[in-house]
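Undergrad: Provided below for reference: sequence and predicted model.
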Amino acid sequence: MFCSKCGKQVDPSSRFCPACGATISAAPPPPPPYPNRNQLTRPRNNRIIAGVCAGFALHYGWDVTLVRVITALIALFTGIGAVAYLILWVIIPEEPYALPAKSL
């Protein structure tokens, strides 16, 4: 990290520049990995077929692999799982496109 006044290198944990005494502003916190957890959406990455299982896992904080295994077992043994997956594929909206991060 560098001082915005004098350009000298500054320790990231310090609040003031040791060379000129200018106040160092803290870097903005990184964005959360999944910004809209309140709404169930199908993510655009980390999905196998349509992202229904990945969407449920991200929304509720579950393990994606566990959700996929349970969905596959329900689809194999009951047949209702496949129909429910197709219905959820249509109902659950896809996650909006993410804008690229601005570089300073």
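TA: Sure, I can see it.
Undergrad: so what's the model's average confidence on the helix or strand where C53 lies?
TA: Element membership of C53 [criterion: DSSP states H and E] is helix 52-60. What helix 52-60 shows for mean pLDDT is 90.
Undergrad: can you name every helix or strand that it contacts?
TA: Helix 52-60 sits against helix 64-77, helix 80-91, with contacts defined as 3 or more C-beta pairs under 8 Å, 6 or more residues apart in numbering; DSSP states H and E. All C-beta atoms are positioned from the backbone trio N, CA, C, and that covers glycine.
Undergrad: show me the shaky parts of this structure.
TA: Along the chain, segments meeting pLDDT under 70 span 1, 26-37, 103-104.
Undergrad: you'd agree A50 is in a strand?
TA: No. If the criterion is DSSP: H, G, I helix; E, B strand; the rest coil, then A50 is coil and not within a strand.
Undergrad: that one against R42, yeah?
TA: Yes. Between A50 and R42 there is a contact at 6.2 Å, judged by C-beta atoms under 8 Å.
Undergrad: mind checking which of those two has more residues around it?
TA: R42 (20 against 16; other C-beta atoms under 10 Å).
Undergrad: now that one. Nearest residue, chain neighbours left out?
TA: Nearest in space to R42, with sequence neighbours left out and distances taken as C-beta to C-beta, 6 or more residues apart in numbering, is G51 at 3.5 Å.
Undergrad: that neighbour against L58, yeah?
TA: No. G51 is beyond contact range of L58, at 9.3 Å (criterion: C-beta under 8 Å).
Undergrad: what is in contact with these two at once?
TA: Applying C-beta atoms under 8 Å, 6 or more residues apart in numbering, one finds that G51 and L58 are jointly contacted by P43.
Undergrad: hang on, the earlier thing: neighbours around the residue nearest to R42, how many?
TA: G51 has 22 neighbouring residues, counting by other C-beta under 10 Å.
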